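Chemist: Here is the input, now give the coordinates:
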Amino acid sequence: MGRGRPALLLSGGNVYIGYSSHCDKEPYHGFLLGYDATSLKQVGVINTSPGGGGASIWQSGQAPAVDGQGNIYFVTGNGSWNGTTQFSESFVKLDPHMHMVDWFTPTNHFQLDKDDNDLDSSGGTLIPGTHLVVGGGKEGVLYLINTQHLGHLGDEHAAQHFQITSSHLHSIVYWKSARNGELLYLWGQRDKARVYRFKDGKLDENPLMTRSEMNEGHPGAMLSLSANGNRDGILWAAIHATGDSWDESRPGVLHAYDADDINHELWNSLENPGRDDCNNYSKMAPPTVANGKVYLASFGKKNIGTGQMCVYGLLPDGPPPDAPANVQASARHQFVTVTWSPVPAARTYTLESTHGSSRQVVATGLTLPKFTDAVTDKGITEYTVTSVNANGQSTRSSPATVTITQVPTARMAMPQ
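Modeler: This next block holds a predicted model:
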């Protein structure tokens with residue numbers, strides 16, 4: 001079958017898993033498998049090259065896309081093509097039951113296959129509020145395809161296609177800006193970061209914005225975008241800081257650009273490397289933005305055998321909260337109850353205990369100034385509390401001490 005490369009898709013209560021090759025090691029096929037997310041019962045399978053080979057679904061790690069009706073879209077790479085059962089170098093549309101309902105293949109698909117210019121290196125991105133799916137491959141040509149009529153074989157059926165970058169295209173981001181309208185962001189291999197604007201359902205082929213610096217090699221930048229609706233957009237770009245990442249891990253850098261003006265850099269991870277450097281760039285791993293933080297995977301400090309996850313958030317804009325006061329602990333039956341006075345600036349609390357020389361965290365993320373802990377050891381136990389907010393964690397409170405003279409004993413069932 002090959003190797004799982006694209007991210008998982010969760011849609012309509014099903015989870016979908018795409019497969020491709022590892023460095024084109026044959027034999028392999030492109031597969032998409034669907035499973036019920038609750039029971040894990042298989043609900044469907046599609047093979048993109050039965051009787052042939054290849055046509056993998058890798059998309060540089062991007063998941064298949066899904067529209068409002070539950071139709072699934074993906075793009076394939078090098079392999080067999082016959083226009084009936086084998087669909088390499090193609091955009092493919094499935095219905096929610098995983099039946100193929102439409103497809104598009106470029107005119108030069110045989111040449112793409114011969115030159116190892118996989119069409120699917122950026123996957124397919126649906127444009128909200130339209131009937132368009134957009135994607136491009138290693139040739140650097142971008143295709144806009146009408147999702148209501150993909151058109152089958154031939155460039156003339158595409159809504160638009162043009163050379164948008166000089167080489168590989170591995171990551172595309174769409175955003176509708178209050179200032180600049182509908183935008184498409186990309187930073188291709190050995191190219192500059194570019195932004196294109198939609199006009200009347202098509203892209204203006206002249207970029208709206210371009211940064212001056214050229215990246216030096218494969219694969220270019222992996223992109224994500226965060227925003228407050230159509231305002232305050234930030235374009236996150238993870239890329240190698242130097243060199244080429246085709247066959248080795250290279251030092252990486254995460255950039256944050258103003259999405260309305262990409263020539264205004266807000267921050268990058270090498271400005272203060274002692275605090276922010278995430279070490280070697282992990283290609284095909286775009287930044288993930290969630291819960292007010294940015295998550296970035298890397299290869300760590302060595303080419304093999306290491307990995308790292310870096311989490312970035314807002315720096316403190318004030319002092320951490322005060323330590324909780326009036327911490328009290330009392331034992332009753334098999335439990336110890338610890339209480340303290342609320343701290344107005346705290347969002348959560350962390351409770352720790354010390355028994356002998358052993359300190360441990362009892363609970364974190366507490367939102368109420370009270371916690372009940374089970375009795376496990378005889379003797380003296382000290383409890384301390386810290387308060388936490390976006391600016392950090394307080395010092396530990398003064399300890400509250402409780403003495404346990406008896407612990408519950410386990411009851412053994414009598415043999416029957």
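
Chemist: list the buried ones in the longest helix seen in the chain?
Modeler: Counting residues, the longest helix found in the chain (DSSP state H) is helix 109-114. Judged by neighbour count (16 or more other Cβ atoms under 10 Å), helix 109-114 contains these buried residues: 109, 112, 113. Bear in mind the C-beta positions are built from the backbone N, C-alpha and C, glycine included.

Chemist: JSON lines please, covering the residues you listed and showing distance to residue 121 and pLDDT.
Modeler: Shown next, in JSON lines, are the buried residues of helix 109-114 (distance: Cβ to Cβ, whole Å; pLDDT from 0 to 100):
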{"residue": "109", "distance to residue 121": "14", "pLDDT": "96"}
{"residue": "112", "distance to residue 121": "11", "pLDDT": "94"}
{"residue": "113", "distance to residue 121": "14", "pLDDT": "93"}
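
Chemist: quick one on the thing from earlier: could you list the residues in contact with the longest helix of the chain?
Modeler: By Cβ atoms under 8 Å, 6 or more residues apart in numbering, the surrounding residues in contact with helix 109-114 are 54, 78-79, 81, 88-90, 106, 117-119, 137-139, 153.

Chemist: Apply 7 Å and report the result again.
Modeler: If you take Cβ atoms under 7 Å, 6 or more residues apart in numbering as the criterion, helix 109-114 is touched by 78, 79, 81, 88, 89, 106, 119, 139.

Chemist: just stretch 194-212 next, same as before
Modeler: In contact with stretch 194-212 (Cβ under 7 Å, 6+ apart) are residues 130, 144, 159-160, 162, 180-186, 192-193, 261-263.

Chemist: Any of the residues you listed buried? List them.
Modeler: Applying 16+ other Cβ under 10 Å to the contacts of stretch 194-212 flags 144, 159, 160, 180, 182, 183, 184, 185, 186, 192, 193, 262 as buried.

Chemist: quick one: which of these sit in helices?
Modeler: Short answer: the buried ones among the contacts of stretch 194-212 have none in helices (DSSP H).

Chemist: Not counting sequence-adjacent ones, nearest residue to residue 219?
Modeler: residue 170 (4.5 Å; Cβ to Cβ, 6 or more residues apart in numbering).

Chemist: Any idea which helix or strand in this structure has the lowest mean pLDDT?
Modeler: Taking mean pLDDT, DSSP states H and E as the measure, the chain has strand 3-4 as its least confident helix or strand, at a mean of 47.

Chemist: any idea how far whatever helix or strand comes next after that one is from the chain center?
Modeler: Going down the chain from strand 3-4, the next helix or strand is strand 9-11, by DSSP states H and E. Here strand 9-11 is found 14 Å from its chain centre; the criterion is Cα atoms, centre = their mean, to the nearest Å.

Chemist: what element comes up after the longest helix of the chain heading to the C-terminus?
Modeler: According to DSSP H and E, the helix or strand after helix 109-114 is strand 125-127.

Chemist: Sort out for me which of the contacts of stretch 194-212 are in strands.
Modeler: 144, 160, 162, 181-186, 193, 261-263 (DSSP state E).

Chemist: Take these and lay them out in CSV including distance to residue 206 and pLDDT.
Modeler: Compiled in CSV, the ones in strands among the contacts of stretch 194-212 are given as follows (distance: Cβ to Cβ, whole Å; pLDDT from 0 to 100):
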residue, distance to residue 206, pLDDT
144, 16, 97
160, 14, 97
162, 10, 97
181, 15, 97
182, 15, 97
183, 13, 98
184, 13, 98
185, 15, 98
186, 14, 96
193, 15, 96
261, 17, 98
262, 15, 98
263, 16, 97
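
Chemist: and which of those residues is nearest residue 370?
Modeler: residue 185 (48.3 Å; Cβ to Cβ).

Chemist: how far away is that closest one from residue 235?
Modeler: Residue 185 sits 6 Å away from residue 235, going by Cβ to Cβ, to the nearest Å.

Chemist: what's the overlap in contacts for these two?
Modeler: Joint contacts of residue 185 and residue 235 (Cβ under 7 Å, 6+ apart) are 173, 223, 225.

Chemist: Now list the buried members of the residues you listed.
Modeler: Listed as buried from the shared contacts of residue 185 and residue 235 are 173, 223, 225; burial here means 16+ other Cβ under 10 Å.

Chemist: No further questions, thank you.
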